[in-house]
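Asks: Let's see this in three dimensions:
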Amino acid sequence: MGVIAFCLILCISSCVLVRKKPSKSKIQTASSTAAPKPKADSVKNALKPYRDIITSKAVSQKGLMTVHKIAEKYFFEIPKKLLKKDILVVTRLSGSTPGAGNFGGEEISRRMIYWEQGPDNRLFLRVAAQVSVADSADMISKAVSNSNINPILASFPIKALGKDSASIVIEVTDLLLSENPLVTFNPDSKKNYGMGAPAADRSYVKSVKSFPINTEIRTIRTYNSTGGNLPAAVIAGAITLEINASFLLLPETPMAKRYADPRVGYFVNSYKKFTDDQQSVKDEVFVNRWRLEVKEEDLAKYKSGELVEPKKQIIYYIDPATPKKWRPYLIAGINDWQKAFEQAGFKNAIIGKEWPESDTTMSLEDARYSVVRYFASSNANAYGPNVSDPRSGEILESHIGWYHNVMTLVHDWYMIQCAAVDPRARKNKFDDELMGQLIRFVSSHEVGHTLGLRHNMGASSSVPVEKLRDKAWVEANGHTPSIMDYARFNYVAQPEDGISEKGLFPRINDYDKWAVEWGYKAFPATGAAKDEQKILNVITRDRLAKNKRLWFSGEGRDYDPRSQSEDLGDDPIKASLYGIKNLKRIVPNLDAWTREEGEDYTQLTTMYKATVAQLSRYANHVLKNLGGVMVTEKLSDQPGAIYQPVSLAKQKESIKFFNEQIFKTPTWLLDKNILNKIEPGYSGNSVQRIQQETVAMVTSQSRLYRMMINQRDYGKGAYSPAEWLTDLKKGIFTELYTGAPTDEYRRALQKMYVGSIITMYNKRFALQGSIDNILAAVTPTDVLLYSNVKALAFAHLRELRKDIGSGIPKAKDRDTRIHLEYLKQMLDKIINESSIPGLNY
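Replies: Residues are numbered from 1 along each chain as shown. Okay, here's the model as predicted:
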């Protein structure tokens with residue numbers, strides 16, 4: 001789930017807002033797609049009687065905007081009290097041509113709009129852009145309010161006025177069917193799908209429904225297309241999509257904001273704040289959260305520490321399309337969050353319920369209800385979005401997407417990670433109770449996103465690896481402090497540890513409770529978000545100093561080895577070694593555990609691939625140590641550095657891991673009982689692929705460059721790139737020094753290594769973009785360091801040639817000798833040609 005910032009225009013008592021051009025994100029300006037053109041039947045539109053427009057043949061539905069359908073025409077009757085009210089339009093892809101990827105609620109865009117009465121009996125639909133704000137007490141607020149004009153997306157002739165002239169009637173048929181940014185794809189998305197011109201004869205309005213706070217528009221849209229890799233589109237020459245556009249009215253009074261803190265992981269909204277101070281423009285960033293408020297009559301109880309019920313409970317309903325046997329587990333995953341809200345001072349704050357199928361007054365499309373939607377899709381996934389008010393961050397509703405095939409995903413995870421210690425995981429079809437508990441944990445994770453929480457990929461790094469094998473400790477404390485981490489199951493636990501499900505499954509834990517407390521705890525005595533921010537800063541600083549399990553690290557997109565997906569513990573090397581021990585126990589049993597009478601070996605192939613993928617994950621976890629930099633977010637009142645390099649000892653230990661566990665042929669994966677039953681040559685190629693991918697990543701030019709920077713910035717405590725390559729070479733070319741024969745895998749590995757160093761040497765320093773951008777981004781130091789990469793690679797190639805030349809006479813078998821002679825000849829050519837003045841520089 002990524003950060004989404006939204007934009008609008010609004011006047012409230014304390015702020016003046018103005019929109020400006022948005023950045024390239026899901027937000028689009030009106031100019032991105034042609035707006036529907038008004039009919040040029042007259043300069044000044046003449047109103048007609050209501051009954052002449054909305055005839056007795058109209059099929060009508062009241063709601064946010066009353067919808068009338070007459071034959072194939074659609075009309076909106078818009079209350080005048082809705083004019084200039086902020087409406088959020090969320091556009092989603094709800095169905096697609098097979099193979100087109102997104103399906104069932106995947107979001108396309110969000111935009112702010114509002115209706116405005118224009119001259120000559122016309123109604124304008126305006127689109128809001130990025131928000132800029134200024135406190136009304138500041139003089140600059142006048143400049144802010146006068147800066148920009150919002151674009152008009154569409155203009156409609158007013159057809160008639162409603163009863164007592166309290167509403168306006170317009171025809172919206174053209175708006176619903178035209179290629180405008182509210183109800184269809186943006187141009188970039190169309191390119192991704194290979195879409196050509198729209199096919200009007202195969203596009204139509206499927207339905208328009210209105211509810212008290214939202215109006216839902218569903219259209220079927222067909223585009224000519226070659227289809228690319230989509231077989232159905234290639235056959236038909238077209239792509240057909242179902243698009244849902246939801247018009248959602250924002251609250252009359254925005255919720256009080258809570259300013260974001262980089263040390264606690266929430267999704268956020270933001271805008272530019274102008275002030276009369278010297279720092280006149282700064283980003284004002286605030287978190288997404290539900291409006292959870294204390295009842296006035298309970299304020300005294302809340303202040304005294306007594307748990308109270310909120311004014312409005314957070315309720316998630318289960319889609320009636322969900323198989324009945326899985327509903328209790330989805331509900332349990334929702335209700336598990338109750339203990340987190342209790343830490344924020346609320347009881348009965350959140351609950352999961354079955355959808356009341358007998359209640360015909362309720363609709364799954366009504367934005368007043370949040371739902372776990374169940375999709376009959378082969379996608380092995382689930383996702384937890386939320387729709388928030390861009391003015392305040394208030395979460396308004398959420399429709400969690402649950403794909404049926406997510407059960408395949410959790411099955412494969414659990415078998416590969418826990419079958420060595422849990423006998424229940426040793427079969428193709430898990431018992432319903434085990435599968436139910438797996439569903440429960442995924443449900444909790446996705447609900448966490450809908451509460452506003454981001455992933456916390458570093459949570460598990462606060463747990464000592466040996467504690468993951470301590471039965472009493474891990475069952476009491478869990479193997480990760482956060483359900484929002486991608487720490488699936490305890491693959492470190494060994495069979496002799498006797499650890500039960502409590503110590504194998506993730507759970508809502510210390511960090512999650514702290515994050516909910518931080519985001520939802522009320523401070524009734526404070527008067528403004530700035531006052532809350534000061535209080536929360538002190539609380540956050542003190543809590544983090546006392547409890548390292550509360551650390552938030554983000555999505556794992558930096559170079560911090562503590563912050564990774566699918567990993568466990570405070571030491572990726574030690575954790576991976578335990579994981580490999582369990583994989584070695586699982587592989588010999590895969591044939592028996594996946595076998596079913598009358599079935600082929602598809603499942604055996606699937607689970608073998610999953611085993612190889614798990615080993616690859618372990619290698620990637622360790623890889624992040626090399627050139628790694630630990631990042632600990634701090635504010636200025638906290639001591640210590642934010643950035644620290646991974647220790648020299650840990651990086652050298654990582655090279656040792658690769659040499660022993662990956663580059664030394666993992667023969668335990670080459671199980672003939674498996675290889676002779678699945679695709680010919682597949683398994684051996686998988687081993688080679690892991691080795692070659694690891695070599696490519698370990699010897700990448702960018703990694704070497706990063707290690708040089710670490711050496712420059714941190715001195716002798718960093719891993720010398722020359723020493724690093726020497727250690728790597730000794731492990732990959734062990735046979736040069738022992739005279740032992742090389743097997744096929746080792747020979748392929750050594751060729752790959754030599755090729756990688758040659759590539760490193762030949763690769764030129766280059767950046768994409770304009771000359772101005774390159775000059776602005778590249779410093780003389782950058783150029784020097786990349787030049788040093790080239791020089792280091794050349795020196796290493798010379799050392800390799802020397803070592804290989806010395807090793808050839810020691811080779812005891814013909815295959816090894818031929819292999820080494822070939823490598824030396826390759827290196828001779830590179831080095832001899834490079835000695836010519838000016839060549840290759």
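
Asks: Arg469 contacts Ala493, correct?
Replies: Yes - using C-beta atoms under 8 Å, Arg469 makes contact with Ala493 at a distance of 6.0 Å. Bear in mind the C-beta positions are built from the backbone N, C-alpha and C, glycine included.

Asks: The two - which one has more neighbours?
Replies: Shown here are Arg469 and Ala493; by other C-beta atoms under 10 Å, Ala493 has more neighbours (28 against 19).

Asks: Which secondary structure state does the more buried one sit in?
Replies: Per DSSP: H, G, I helix; E, B strand; the rest coil, the secondary structure class of Ala493 is coil.

Asks: just to revisit the earlier point, need the residues touching each of Arg469 and Ala493.
Replies: Counting by C-beta atoms under 8 Å, 6 or more residues apart in numbering, the common neighbours of Arg469 and Ala493 are Ile499, Tyr578.

Asks: ok, so what distance separates Ile317 from Ile331?
Replies: If you look again at residue 317, you'll see it is Tyr, not Ile. Using C-beta to C-beta, to the nearest Å, Tyr317 is found at 10 Å from Ile331.

Asks: Quick check: neighbours shared by these two?
Replies: Taking C-beta under 8 Å, 6+ apart as the contact rule, Tyr317 and Ile331 both touch Gly352, Lys353, Glu354.

Asks: what stretches of this structure score poorly on pLDDT?
Replies: 1-44, 96-105, 130-148, 192-193, 226-236, 273-281, 681-684, 763-786, 834-841 (pLDDT under 70).

Asks: elements contacting the longest helix seen in it?
Replies: As assigned by DSSP state H, the longest helix anywhere in the chain is helix 780-807. Packing contacts for helix 780-807, counted by 3 or more C-beta pairs under 8 Å, 6 or more residues apart in numbering; DSSP states H and E, involve helix 701-714, helix 721-732, helix 734-738, helix 744-762, helix 814-834.

Asks: what's the angle between it and helix 701-714?
Replies: Using axes from the mean of the first three to the mean of the last three C-alpha atoms, to 10 degrees, the direction of helix 780-807 lies 110 degrees away from that of helix 701-714.

Asks: shouldn't Tyr705 be in contact with Lys790?
Replies: No - with contact defined as C-beta under 8 Å, Tyr705 does not reach Lys790; the gap is 10.7 Å.

Asks: returning to what we had before: among the shared contacts of Tyr317 and Ile331, who's most crowded?
Replies: Of the shared contacts of Tyr317 and Ile331, with other C-beta under 10 Å as the count, Gly352 tops at 23 neighbours.

Asks: got the contact list for Arg703?
Replies: Arg703 neighbours (C-beta under 8 Å, 6+ apart): Leu626, Gly627, Met697.

Asks: again, but for Leu577
Replies: With C-beta under 8 Å, 6+ apart, Leu577 has these contacts: Phe657, Gln661.

Asks: Is it correct that it falls within a strand?
Replies: No - assessed with three-state DSSP, Leu577 is helix; it does not lie in a strand.

Asks: What separation do you get for it and Met697?
Replies: According to C-beta to C-beta, Leu577 and Met697 sit 19 Å apart.
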